[in-house]
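1. Sequence and predicted structure are below.
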Amino acid sequence: MKIVLGLGNPGPEYDDTRHNVGWWVLDRLAYDWDFGPFRRVGKAFVSEGSVGGIEVRLMKPTTFMNRSGLALRPVKVMQDFDLEEDLLVVVDDTALDVGRVRFRPGGGAGGHNGLKSVSGALQSNDYARLRIGVGKKPDGEDLSAWVLATMPEEDEEVVVGLLPELSEAVRVWLGEGTEAAMNRFNR
């Protein structure tokens with residue numbers, strides 16, 4: 001089984017924020033792949049199905065961003081679970097311009113509290129990430145307030161316009177791995 005974890009914050013007040021871009025992607029995947037609605041399982045909303053014969057679990061943590069890793073604790077004990085091959089974390093990235101996309105096979109959190117939480121829960125940085133650019137914080141702005149603010153319409157349109165391509169990118173990751181996804185979709 002492959003797991004795609006989309007980071008975000010629960011609650012309708014966060015739906016349109018930069019920090020919830022990971023949830024946007026998972027909603028699109030569930031729709032494109034006809035997985036059905038998300039249901040609450042432990043500390044996550046989960047939707048499951050099969051893509052090209054590969055069993056896939058989509059997970060949106062029900063915790064706030066800085067505790068996202070708690071959603072994965074039960075997954076960690078699954079047999080035959082290889083972090084490097086079987087987990088993809090989809091996350092917003094304030095170091096990338098709006099619409100930029102970066103698959104990475106692992107690495108540090110880059111100051112992202114959600115990734116810090118996931119790495120802490122797994123005791124590893126060896127999992128794939130799909131970073132989606134939400135733009136750089138303006139000088140003088142508080143980062144937390146900025147990522148939790150509603151995304152401007154023009155930026156939202158760029159990210160929403162990427163969703164079909166990101167759906168295909170995650171499908172490539174599922175079947176061919178991180179390097180193939182990097183080579184085809186990083187920009």
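-> Yes, it's here. Residues are numbered from 1 along each chain as shown.

2. only C-alpha atoms for contact and neighbour calcs from this point on.
-> Noted.

3. After the lowest-mean-pLDDT helix or strand in the chain, which helix or strand is next?
-> Ranking every helix and strand in the chain by mean pLDDT, DSSP states H and E puts helix 73-76 at the bottom, with a mean of 64. Per DSSP states H and E, the first helix or strand lying C-terminal to helix 73-76 is helix 83-86.

4. name the helices or strands packed onto that following helix?
-> Applying 3 or more C-alpha pairs under 8 Å, 6 or more residues apart in numbering; DSSP states H and E, one finds that helix 83-86 makes contact with strand 2-6.

5. In its sheet, which strands sit next to the strand it packs on, and in what direction?
-> strand 54-61 (parallel), strand 87-93 (parallel) (DSSP bridges).

6. Tell me which of those strands lies nearest to residue 135.
-> strand 87-93 (7.5 Å; C-alpha to C-alpha).

7. for the closest one, the distance to its chain's centre please.
-> On the basis of C-alpha atoms, centre = their mean, to the nearest Å, strand 87-93 sits 3 Å off its chain's mean C-alpha point.

8. got the CA coordinates for it in PDB?
-> In PDB, the C-alpha atoms belonging to strand 87-93 read as follows (Å, rounded to 0.1, in the frame of the first residue of the first chain):
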ATOM      1  CA  LEU A  87       5.000   7.500   1.600                       C
ATOM      2  CA  LEU A  88       4.500  10.800  -0.200                       C
ATOM      3  CA  VAL A  89       3.800  14.000   1.800                       C
ATOM      4  CA  VAL A  90       2.100  16.800  -0.100                       C
ATOM      5  CA  VAL A  91       2.900  20.200   1.400                       C
ATOM      6  CA  ASP A  92       2.800  24.000   0.800                       C
ATOM      7  CA  ASP A  93       6.200  25.700   0.300                       C
END
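
9. Noted, bye for now.
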